[in-house]
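Asks: Predicted model follows, preceded by the sequence.
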Amino acid sequence: QNTGTPCPRGFFLDNNLAAAESYSSCTVCPAGKVCGVPGMSAGTDCPRGSYCPAGTADPVACPLGTFGNSTGLKKSSSCQPCRAGYYCDGPGLTEPRGECDPGFYCKLGAYTSAPPEGPTGGPCPAGGYCPRGATQPSACQAGFYREKTGAKRITECDPCPAGKFCATNNSPTPTGPCAPGFYCTGSSPNSTQHAVEPGYYSEEGAIDQT
């Protein structure tokens, strides 16, 4: 009958040793393994969603904004940053929780579905729109603009108003008024959308010829 003292949690007794003569015979559990109960003869693989430095008795959960989809991770940096377009909102995840909310975009390491402006993403900026799972804003095209943040779909890009033009992608406001001698009836990507016919005139910002 074995009446000896088992090696403590976080350690194991090498199978090659017949018996431990003292505490110094116990071996520190190696990184990537977990030795969760006293008297183990070998460590077990660190479970998914966690990492295990040397001497681990209890696996450490992968931190917020990351996930661990393989066993045997040895350090926190072995946990993967949450994929772009997705979010990881809790510790110990084995996969991202889900896609980024519409009206927001998620870069690597997002920890919420609606990230505040920062290195992991943010609200969709003016001039663009962000469908569900966006990794970056999509641009409202020339001839359209978007003044407010948080657009979720392309239909939230507003047509450039009559009398004005929107010359570039990502426009938060119209570029300026239609040029004299021309008129703009809406959704114009340039200041010369329609030329005035002979016998008519138009001033700057005209929506029709006179």
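Replies: Received, thanks.
Asks: what about this protein, any weak spots by pLDDT?
Replies: Within the chain, the stretches falling below the threshold (pLDDT under 70) are 1-4, 15-23.
Asks: P172 is in contact with E147, isn't it?
Replies: Yes. Checked against CB atoms under 8 Å, the pair P172 and E147 is within contact range at 5.8 Å. For every residue, glycine as well, the C-beta is placed using N, CA and C.
Asks: Which one's more surrounded, those two?
Replies: Neighbour count, other CB atoms under 10 Å: between P172 and E147, P172 has more, with 15 against 12.
Asks: check contacts around C29.
Replies: With contacts defined as CB atoms under 8 Å, 6 or more residues apart in numbering, the neighbours of C29 are G10, F11, F12, C35, M40, G43, C52, A54, G55, T56, A57.
Asks: Which of those sits closest to P119?
Replies: Compare each of the contacts of C29 with P119 using CB to CB and the shortest gap goes to C52, at 27.7 Å.
Asks: residues near the closest residue to A151 other than its chain neighbours, how many?
Replies: Counting by CB to CB, 6 or more residues apart in numbering, the nearest residue to A151 once its immediate chain neighbours are dropped is Y129, at 3.8 Å. Each residue near Y129 was counted by other CB under 10 Å, and the total is 23.
Asks: My read is that Y129 contacts D158, right?
Replies: No. Look at Y129 against D158 with CB under 8 Å: they stay out of range, at 11.0 Å.
Asks: between these two, what contacts are shared?
Replies: Counting by CB under 8 Å, 6+ apart, the common neighbours of Y129 and D158 are C140, R146.
Asks: In contact with G72, which residues?
Replies: With contacts taken as CB under 8 Å, 6+ apart, G72 has the following neighbours: G32, K33, D45, C46, C52.
Asks: and those residues as CSV, adding neighbour count?
Replies: As requested, the contacts of G72 are arranged in CSV below (neighbours: other CB atoms under 10 Å):
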residue, neighbour count
G32, 19
K33, 23
D45, 14
C46, 25
C52, 28
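Asks: between those residues, which is closest to A142?
Replies: Sorting the contacts of G72 by how near they are to A142, with CB to CB, puts C46 at the top with 52.6 Å.
Asks: Relative to V28, how far out is the nearest residue to that closest one once chain neighbours are set aside?
Replies: Nearest residue to C46 in three dimensions, chain neighbours excluded: C52, at 3.6 Å (CB to CB, 6+ apart). For C52, the distance to V28 equals 12 Å [CB to CB, to the nearest Å].
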